[in-house]
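1. Please find the sequence and the predicted model below.
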Amino acid sequence: MNQQKLIREIFSGNAVIPIFAVLASFIFGGILIAFANEEVQEASGYFFARPMDTITAVLNSVFGAYDALFRGSIFNYQAATPQAMIKPITETLAFATPITLAGLGLAVGFRSGLFNIGGQGQIIFGAMFAGYVGLSFEAPFLIHMPMAVLAGLIGGALWGGLVGLLKATTGANEVVVTIMFNYIALLLLTYLLKTPVFQAPNQVNPISSPVAESSRLPGILGDGFRLHFGLIIMLAMVFVVWWLLYRSSIGFQFRALGFNPNAARTAGVNIPLTYVLVMAVSGALAGLAGASQVLGADKQLTVGISATFGIDAITVALLGRNNPFGVLAAGILFGGLRSGAVLMQANQGVPVDIVLVVQSTIVLFIAAPPLVRALFRLPKPKAVQA
Amino acid sequence: MKQSKKTPIALALLTFLTVLIAPAVAGDEIEIQIATKTDLFPIPNLVFAAQGFVIFLAVLMLVLAVWSFYLTFSKNQKTPLIATVVFGIAFVASVLVWLFAGATMTLTTLLAGSLALAVPLIFGSMSGALSERVGIINIAIEGQLLAGAFTSAVVASITDSVILGIIAAMLAGVLVAALLAVFSIKYLVDQIITGVVVNVLIIGLTSFLFSTLLADNITVLNQPPRFERISIPVLGQIPIIGPVLFNQTLIVYLMYVAVIGVFLALFKTRWGLRVRSVGEYPKASDTVGIKVFRTRYISVMIGGALAGLGGSFFTLGQVGAFGKEMTNGAGYIALAALIFGRWNPIYAALAALLFGFAQNLQYAVQIVGSPLPSEFLLMLPYVLTVIAVAGLVGKVRGPAAAGKPYIKS
């Protein structure tokens, strides 16, 4: 095989699409950053007199922002201590924990042909259940912590499973139901945070007391870092989901349902039961994300406990092509974007919202390979050419 | 065929709930203020004994529920729609009595506020109707509303003209719709994914520009003029209806036109027939010579224009400035209204009004102090939609081809 042919093979394959999708999104993000930059705006006022000023300003703003993004998410070479240097990557993993957990859940749903948009609500239910166990009593750590985590899993599984049950019994469309369930869960949490069930005593704001010490997920690297045991749970779940989907008979039924429901039914898969199971497993994983947030990251319940992890999880599942290891990689990428954006905002004045733009364009590009090929003038794959 | 037992059972349950309200309001009076200053003739305030009123409503509901049982089980007939509607009104009235017992309820304020909150929902659900009827699931209503809100604020601020503001809002809505359409029609990306992701993109874009450009130049870019109230002569002076419906801003009048227009366009024109046939069975439509792709693009984009217009209500109609994520899920409620209204523009608009009413009740109730937490009122649209899609209130079926890309072979 000559070299040119090899290059052609590489660039026409599907493997390069994610790379170019990420690249295109960063370019798009860069354009926005430059566009909103004050120095660029000033310099462009006299662009025709001194065009180099504008170009320098553009490059400064974009490289400044992406440099901060790198330092905030991977390695901060400007930091004073070695500890502070590696802190960014641990922050990335801390953000990646809930996003990946919920993303795994949604991936199980997508693989089985069920569009679970309800990550947000399932995270909230997981957080409420875990928070309730963590708040209401004290117990030895080895009992209390696993109990609280399990409660989170159950909470998410119930809220997700209910959607599956509705679909199985009445045929209700899961997309609509999960979107509605997200809002119902959030409003329920808001309400409960104003009642003695969750609200801290002598507190006007809708927040709970800190969960009991014995229920918390312990930190991994010590006090200076936010990284906690939830990361280990998350990594374990990547393997569990892989095993479940590709090595267990129940996972085979899940995938059969996703591939062709009619064929699955003919082959003897109990479709209604599988709907319930898929949604319960999917919700359980999102519930774990909620548990990880309330027991490990925030250590108390707030209205914002789910942040936008449930939405991020959708994009993560798509970017990871619903493969557990792909989801992990995508989760770490988006965790890095989240973590880096904090420094980017503090340091370069670029609002964190740019992350949403980059995230969503990545997914759009990935979902439409022909568009990426057209943008970068990549060769078409052989099958299409023929 | 056996009639579904769901309706009588649902009616019986709600009647039971109303009976529970009666003891809670014992001894209270409810005063209803109907008159406003501009009425043609004066109307005195109505005063009821709350308990008596609730008992009256409960008896009415009981009669309807028993009738429904009789029809279903003995006659094997459907419960007529009118009975369900009367029942629904009686139920809402009993809940209102419960909430407002011992206080004054200003009817016109309550209704006008509901209408105002329903405006973006109605525009959004029209976008949904045009899009889903042609076979494209529209989760991106939220993004269309938000883009409309942002663009109208900026353009109206710069030009100092609300008209240019709403034209820009419509263009922004069209752009978002075009994004949805291109990815789902041309690139065959799953429509739900595209919708969700487009929403995230628009939230990100508007928030980013809000924190950078708008924050630096508030006076130039984010101080738009607001819609002025236009009272229609005579009509505006009819009691109740007048101040609620005909003493409104331009965008509300446009909304009336939009709802009727979308209904007529979809159900009374040749174009509408084509739109619906493409949404039901694109292959058959293609065979008889209807241009499937073009019909889809056009219908989705007209929808986008309407949702963008609705988005301008947030900035030019309500708040008077753009704020981050200010649509706050209205797009999803609009989607809910569309489904609750069974993909029919008129029913969807009525559903949106009901949802607006529930949202507004929350504010009204906060003033008088209510037995029901506001979160539960806010939950109402979502719960009702789940009930609707679960088929407890009649069968709900969307356009057959919605969500499926059409691949011309």
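-> Received the coordinates, thanks.

2. And B:Ile32, which helix or strand is it part of?
-> Following DSSP states H and E, one finds B:Ile32 within strand B:29-33.

3. Let me see the mean pLDDT of that strand.
-> Averaged over strand B:29-33, pLDDT sits at 79.

4. so after that strand, what's the next helix or strand?
-> strand B:46-49.

5. now the angle from the following helix or strand past that following strand to strand B:29-33?
-> For strand B:46-49, the succeeding helix or strand toward the C-terminus, using DSSP H and E, is helix B:50-70. Angle of helix B:50-70 versus strand B:29-33, following axes from the mean of the first three to the mean of the last three Cα atoms, to 10 degrees, is 90 degrees.

6. List the buried residues for helix B:50-70?
-> Of the residues in helix B:50-70, those scored as buried under the neighbour-count criterion (16 or more other Cβ atoms under 10 Å in any protein chain shown) are B:50-51, B:53-55, B:57-58, B:60-62, B:64-65, B:67-69. The way it works is simple: take the backbone N, C-alpha and C, and place the C-beta from them, glycine included.

7. now, which of those sits nearest chain A?
-> Top of the list for closeness to chain A, among these and by Cβ to the nearest Cβ, is B:Ser68 at 20.1 Å.

8. For the closest one, list the residues it contacts.
-> By Cβ atoms under 8 Å, 6 or more residues apart in numbering or on different chains, the contact set of B:Ser68 is B:Thr7, B:Pro8, B:Leu11, B:Thr79, B:Ala83.

9. so where does the second one fall, helix or strand?
-> In this case it means B:Pro8. Once you assign secondary structure using DSSP H and E, B:Pro8 falls within helix B:6-24.

10. does chain A sit close to that helix?
-> No - judged by Cβ under 8 Å from any Cβ of the partner chain, helix B:6-24 and chain A are separated, with a smallest distance of 9.7 Å.

11. contact partners of that helix?
-> Counting by Cβ under 8 Å, 6+ apart, residues outside helix B:6-24 touching it are B:51, B:54-55, B:57-58, B:61-62, B:64-65, B:68-69, B:71-73, B:78-79, B:84, B:87, B:90-91, B:94-95, B:97-98, B:101, B:371, B:391-394.

12. mean confidence score for it?
-> If you average the pLDDT over helix B:6-24, you get 82.

13. what's the answer for stretch B:56-70, then?
-> In this model, stretch B:56-70 has a mean pLDDT of 89.

14. For that stretch, C-alpha coordinates in CSV please.
-> Backbone C-alpha positions of stretch B:56-70 (Å, rounded to 0.1, in the frame of the first residue of the first chain) are rendered in CSV as follows:
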residue,chain,number,x,y,z
PHE,B,56,-72.8,23.0,44.4
LEU,B,57,-69.8,22.3,42.1
ALA,B,58,-69.3,18.9,43.7
VAL,B,59,-72.9,17.9,43.1
LEU,B,60,-72.6,19.0,39.4
MET,B,61,-69.4,17.0,39.0
LEU,B,62,-71.0,14.0,40.7
VAL,B,63,-73.9,14.1,38.3
LEU,B,64,-71.5,14.2,35.3
ALA,B,65,-69.4,11.4,36.7
VAL,B,66,-72.4,9.2,37.3
TRP,B,67,-73.6,9.9,33.8
SER,B,68,-70.2,9.1,32.4
PHE,B,69,-70.3,5.7,34.2
TYR,B,70,-73.8,5.0,32.9
